[in-house]
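1. Everything below, folded, please.
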Amino acid sequence: MCKEFVDLASWECVLTLDARREVIGGSQTALYDAVQNGADLRIYTEFLHNEHVDVTSASAERVQEVAEFAVTYVIDRRWVAGLMNLRQPVQLPDAFGPRSSMSFFLYNQDATQAIARPFLDGFPAEFSGSGASTEPAAKMPKFHLLDQWDTGTNAPSENFVYDFDVYRFLVSRTWREVFSHDADGQVVHGSLAALVDAFAAGSAIKLAVSGISDRLLDEGEEKIAHETLVQVGSAYYYTDQQLFVAGTHPLVRIKPGVPLRYASGGWDFGWLIARSDGHLVYRRYDPYSLATADESFCGSVRWLVR
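-> Model (predicted):
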């Protein structure tokens with residue numbers, strides 16, 4: 001069912017859902033296994049322009065979309081969620097949205113969806129509108145709002161389902177794990193030398209960081225095992241100290257749960273520095289104020305290359 005839509009050289013469809021979000025091809029287990037092993041994730045959907053983009057339009061043209069979910073979560077050893085970490089709002093087919101913001105869309109493996117929208121233009125909260133969506137739910141019959149948070153602030157969010165005609169979860173299995181360590185920097189798998197050799201040869205690097213969202217839990221809340229996977233932008237190796245240092249692309253940190261969902265105070269975004277001795281620094285952006293703060297801690301990390 002998926003093959004005619006896939007570049008067989010690098011991408012494969014491991015899970016297909018219909019408009020009712022029922023599995024019609026592949027499996028959620030196959031998706032989990034791929035993402036847990038570092039596979040990149042993209043999701044293909046289809047919709048009609050006047051059902052999803054502009055409900056006042058006379059155009060019922062079918063639109064195909066493929067979106068990159070460059071930050072992925074594997075949760076409770078059974079669940080996958082992906083996040084868009086670089087998207088600005090667009091007004092299809094020819095413009096950006098009216099206000100500068102990040103569109104942190106989130107898709108779970110069951111196709112429940114969410115968005116958080118931190119505004120970047122510096123306007124006070126009263127200019128932030130009603131919520132994260134650009135179209136009211138009442139005007140979009142295929143849009144089903146589950147809950148809504150922080151309306152009228154600089155960082156509204158909401159959880160929802162939009163009934164796309166089809167969902168195809170596409171993965172690229174081009175990453176291999178070469179090194180992993182625990183929170184104390186003790187080697188669990190592979191070797192630092194293998195990572196350094198790949199890095200020096202120009203390989204891209206991806207991190208799988210354990211428990212990074214535990215710091216969002218309230219006191220007494222039970223921890224849920226999770227890893228956050230994100231690609232590295234720049235890396236450095238100190239040859240005398242034999243210390244490897246990497247800085248990631250932006251990531252979105254969300255309080256872990258199944259399914260993964262936004263809630264007030266339960267998410268933020270930022271950048272991560274990771275070292276091969278287990279030391280981590282997270283530069284956190286408060287989505288409500290855009291104020292920054294650095295959090296230092298130790299964590300287990302798997303290092304993947306391609």
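
2. Give the rounded mean pLDDT of stretch 14-27.
-> Mean per-residue pLDDT for stretch 14-27: 98.

3. Could you list the buried residues of that stretch?
-> The neighbour-count check on stretch 14-27 (16 or more other CB atoms under 10 Å) flags 14, 15, 16, 17, 25, 26 as buried. Just so you know, the C-beta spots here come from the backbone N, C-alpha and C atoms, and that holds for glycine as well.

4. now the strand ranked longest in the chain: how far from the chain's centre is it?
-> Criterion DSSP state E: the longest strand present in the chain is strand 226-238. Distance, stretch centre to chain centre, for strand 226-238: 15 Å (CA atoms, centre = their mean, to the nearest Å).

5. Within its sheet, name the partner strands of that strand and how each one runs.
-> Applying DSSP bridges, strand 226-238 is found paired with strand 71-75 (antiparallel), strand 205-210 (antiparallel), strand 243-248 (antiparallel).

6. Switch those over to TSV; also include distance to residue 88, mean pLDDT and mean neighbour count.
-> Below are those laid out as TSV (distance: least, CB to CB, whole Å; pLDDT from 0 to 100; neighbours: other CB atoms under 10 Å):
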stretch	distance to residue 88	mean pLDDT	mean neighbour count
strand 71-75	16	99	24
strand 205-210	24	99	22
strand 243-248	20	99	19
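
7. need the ones you listed in a markdown table with distance to residue 276, can you?
-> Shown next, in a markdown table, are these (distance: least, CB to CB, whole Å):
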| stretch | distance to residue 276 |
| --- | --- |
| strand 71-75 | 22 |
| strand 205-210 | 11 |
| strand 243-248 | 4 |
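
8. Looking at the ones you listed, spot the one closest to residue 231.
-> Closest approach to residue 231 among the strands paired with strand 226-238 is made by strand 205-210 (4.9 Å; CB to CB).

9. Put the alpha carbons of that closest one into PDB.
-> Extracted C-alpha coordinates of strand 205-210, given in PDB (Å, rounded to 0.1, in the frame of the first residue of the first chain):
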ATOM      1  CA  ILE A 205      25.600  13.000  14.600                       C
ATOM      2  CA  LYS A 206      22.400  12.400  16.400                       C
ATOM      3  CA  LEU A 207      21.800  12.100  20.100                       C
ATOM      4  CA  ALA A 208      19.300  10.000  22.000                       C
ATOM      5  CA  VAL A 209      19.200  11.600  25.500                       C
ATOM      6  CA  SER A 210      17.500   9.700  28.400                       C
END
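
10. Show residues contacting that strand.
-> 38, 74, 175, 195, 198-199, 225-232, 235, 246, 248, 272, 274, 280, 299-306 (CB atoms under 8 Å, 6 or more residues apart in numbering).

11. about what we covered before: reformat the buried residues of stretch 14-27 as JSON lines; add secondary structure and distance to residue 189.
-> Putting these into JSON lines (DSSP: H, G, I helix; E, B strand; the rest coil; distance: CB to CB, whole Å) gives the following:
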{"residue": "14", "secondary structure": "strand", "distance to residue 189": "24"}
{"residue": "15", "secondary structure": "strand", "distance to residue 189": "27"}
{"residue": "16", "secondary structure": "strand", "distance to residue 189": "33"}
{"residue": "17", "secondary structure": "strand", "distance to residue 189": "33"}
{"residue": "25", "secondary structure": "strand", "distance to residue 189": "33"}
{"residue": "26", "secondary structure": "strand", "distance to residue 189": "28"}
